[in-house]
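>>> Quick check, what structure comes out for this input:
(chains A and B)
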2 protein chains.
Amino acid sequence: MAVGPDLGPGREFDLIRSFLSDDGGLPEGVIVGPGDDCAVLEGGLVVSVDLTAEGVHFRPEWITWREAGYRAVAAALSDLAAMAAEPLGVLLSLALPRTAGEAVGKEVVAGGREAMQHHSVPLLGGDLTASASGLVLDAMVLGRARAPTLRTGSRPGDDVWVTGWLGGSATAVDLWTLGQTPPPGIREAFVRPRPRIQEALWLAEREITRSAIDLSDGLAGDAGHLAAASGAAFHLEEAALPIHSGLRELLGDSEPALRLALGGGEDYELCFTAPPGALGEERVGEFHHRFDLPLTRVGTVAEGEGVYLQTRDGNHRLLERGGFVHFQEGESV
Amino acid sequence: MAVGPDLGPGREFDLIRSFLSDDGGLPEGVIVGPGDDCAVLEGGLVVSVDLTAEGVHFRPEWITWREAGYRAVAAALSDLAAMAAEPLGVLLSLALPRTAGEAVGKEVVAGGREAMQHHSVPLLGGDLTASASGLVLDAMVLGRARAPTLRTGSRPGDDVWVTGWLGGSATAVDLWTLGQTPPPGIREAFVRPRPRIQEALWLAEREITRSAIDLSDGLAGDAGHLAAASGAAFHLEEAALPIHSGLRELLGDSEPALRLALGGGEDYELCFTAPPGALGEERVGEFHHRFDLPLTRVGTVAEGEGVYLQTRDGNHRLLERGGFVHFQEGESV
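Got it, this is the predicted structure:
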């Protein structure tokens, strides 16, 4: 995630924003600076970085080291998807606990490599150090985009779309936190996020996407980033949300299910806006057929600001941002 | 530091090498893969990443948070200098201890920004998370090189050169570890490393440099990387080594001074090879005048392998690699 001044609310983002706030205009050669999913340089080169820490993003009791490596790289690649960029390479840094053996490091890198191979992306380099305690993984991704999809392009009247299913990953975290074992489908959503790179390229080639973001903080929070960057309001519809089937099986159409679908982070699906009519039934079917993945219209863009939810009973709620906020008091995974 | 299969000996490097050993040839679009200071992509784009961990690379009792940020970014930029690349931008990731306030994060980033401003390099993005304990900083650097200087170009008969002074940074660490306060000049070597970017460009423009590396592991270890990558032996001369004046004042021409100058890491000077005669007295003077920095011939390249030291008494010693090895048993800063 590249970070910057146009993010939605939340304490973590305030902190980052304050770090970056003393920046002047864009330096020479930089087309998009911090604040979108990736920075964009002249020539369409895009770069982003994504940090994963044991005890914050995962716990070793939950997943294998290989899965931790896979997730870290997949999450970073997802930022390229958000820009409709073709991946060029990955740099992977590991701070490895002193108590961890070489085997742990190897497993983490093997997992990262698996995610790279899945998308035919080479490992370009990395760094390794001991860490005072938990594993910290930093994945830097490089890509190239002919016409990068930014967060700023949403216009009133656009439709809001998401790929895939929502809330699976956060449900796994909730179950683990409660000492339970997530069912396989839910577990899979957490350990094997699928960066929607080919999907984003498909949409961009057809000039469907006006603005896009990948869902790392949860739909409410990430739609908030799009809304803030575009200077518009997002109106989501509860009845339309593609809630993960595993989550629906567990919690039905309940308030907790809604909370997880909207506020649960790290689904790494795409949320994007498109002009009305740009995605007709035929195109949606074509997408579904091509990627074995649903494409769901979940709301509209309007004049104003903030993210609203039209509930099943017809009410409008202003949504609080519900993504992970790492620095909230007492917070841990 | 980009890592890979042609590094010199040492346990940390064995570990990294093993992670990368299952790689096939270079993927499409990649000119230099892991194993040099930076990876090089088609079009001359170079990328590298450098990881800094509290308790491994520094301790908070030694330096300020701002200095930690400065060092981390300067160390990463130094990899660009090793390739004779012009910097395009930096991505900075912070894993910040939960106990640290926002003020700590701000100071770290302010220090990183200072190093960037010093070299007119923009911050392109970053990421932030809580860490289970110490601060971990990862700095990714992007640059462009018309003709990147690799580690592989040394030829028998070349001279071996270094910029600046050796051993200052490691002396600071030794003194802190002994509970002493380093004198200002020695402290400065540790907290304000100067990536030799302009110096490297100056040398490359004049086609002086055949191969180059930046001194992060110490001259013995880094010359070992050059020797291994070039398939040659490096013969260094004790009497020629530009030992840091603060170190010489403390320890004279002693064995411990030699050990720090050869094995002490993180001087972030350049070590490079040049054809005999490429750097005559006039050019060295010009360099000195332009950068207020000495350029010292410290040895020669020969057929064979390994790094040797011709001592003052005329003996030849095969040098053990003496750089930081983060994973040695009982190791700590």
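>>> List the contacts of A:G304.
A:232-233 (C-beta atoms under 8 Å, 6 or more residues apart in numbering or on different chains). Bear in mind the C-beta positions are built from the backbone N, C-alpha and C, glycine included.
>>> Let me know the secondary structure of it.
Here A:G304 is recorded as coil under DSSP: H, G, I helix; E, B strand; the rest coil.
>>> Show the model's pLDDT score for the closest residue to chain B within the stretch 151-300 of chain A.
The nearest approach of the stretch 151-300 of chain A to chain B comes at A:S216, 10.3 Å away (C-beta to the nearest C-beta). Reading off the per-residue confidence, A:S216 sits at a pLDDT of 93.
>>> Do the helix or strand encompassing A:D50 and chain B come into contact?
Assigning secondary structure by DSSP states H and E places A:D50 in strand A:45-53. Yes. For strand A:45-53, a contact with chain B is found by C-beta under 8 Å from any C-beta of the partner chain, at A:45, A:47-53.
>>> just the CA coordinates of that strand, formatted as CSV?
This file holds the C-alpha atoms of strand A:45-53, laid out as CSV (Å, rounded to 0.1, in the frame of the first residue of the first chain):
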residue,chain,number,x,y,z
LEU,A,45,6.4,2.4,-13.9
VAL,A,46,4.4,1.7,-10.7
VAL,A,47,5.8,0.8,-7.3
SER,A,48,4.3,-0.2,-3.9
VAL,A,49,5.3,-1.8,-0.7
ASP,A,50,3.3,-3.9,1.8
LEU,A,51,4.4,-4.8,5.3
THR,A,52,3.3,-7.9,7.2
ALA,A,53,4.1,-8.4,10.9
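>>> could the residues of strand A:45-53 next to chain B be laid out in a markdown table, adding neighbour count?
Below are those laid out as a markdown table (neighbours: other C-beta atoms under 10 Å in any protein chain shown):
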| residue | neighbour count |
| --- | --- |
| A:L45 | 25 |
| A:V47 | 28 |
| A:S48 | 31 |
| A:V49 | 28 |
| A:D50 | 26 |
| A:L51 | 26 |
| A:T52 | 24 |
| A:A53 | 25 |
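>>> if we take those, which one ends up nearest to A:K106?
Of all the residues of strand A:45-53 next to chain B, A:T52 has the smallest distance to A:K106: 17.2 Å, by C-beta to C-beta.
>>> beta partners for the closest one?
Beta-bridge partners of A:T52, counted by DSSP bridges, are A:L137.
>>> One more: A:E86?
Beta-bridge pairing of A:E86 under DSSP bridges involves A:R144.
>>> All the helices of the stretch 201-333 of chain A, residue numbers only.
Ranges of helices within the stretch 201-333 of chain A are A:219-230, A:245-251, A:255-263, A:281-291, based on DSSP state H, counting those that start in this stretch.
>>> between the ones you listed, which one is nearest to A:P195?
For the helices of the stretch 201-333 of chain A, proximity to A:P195 was assessed by C-beta to C-beta; helix A:281-291 is nearest, at 12.4 Å.
>>> Looking at the stretch 101-250 of chain A, which residue is nearest chain B?
Closest to chain B within the stretch 101-250 of chain A is A:G125: 3.2 Å, counting by C-beta to the nearest C-beta.
>>> so that residue sits right up against B:L51, yeah?
No. Taking contacts as C-beta atoms under 8 Å, A:G125 lies outside contact range of B:L51: 11.4 Å.
>>> A:E199: neighbour count?
For A:E199, the neighbour count with other C-beta atoms under 10 Å in any protein chain shown is 22.
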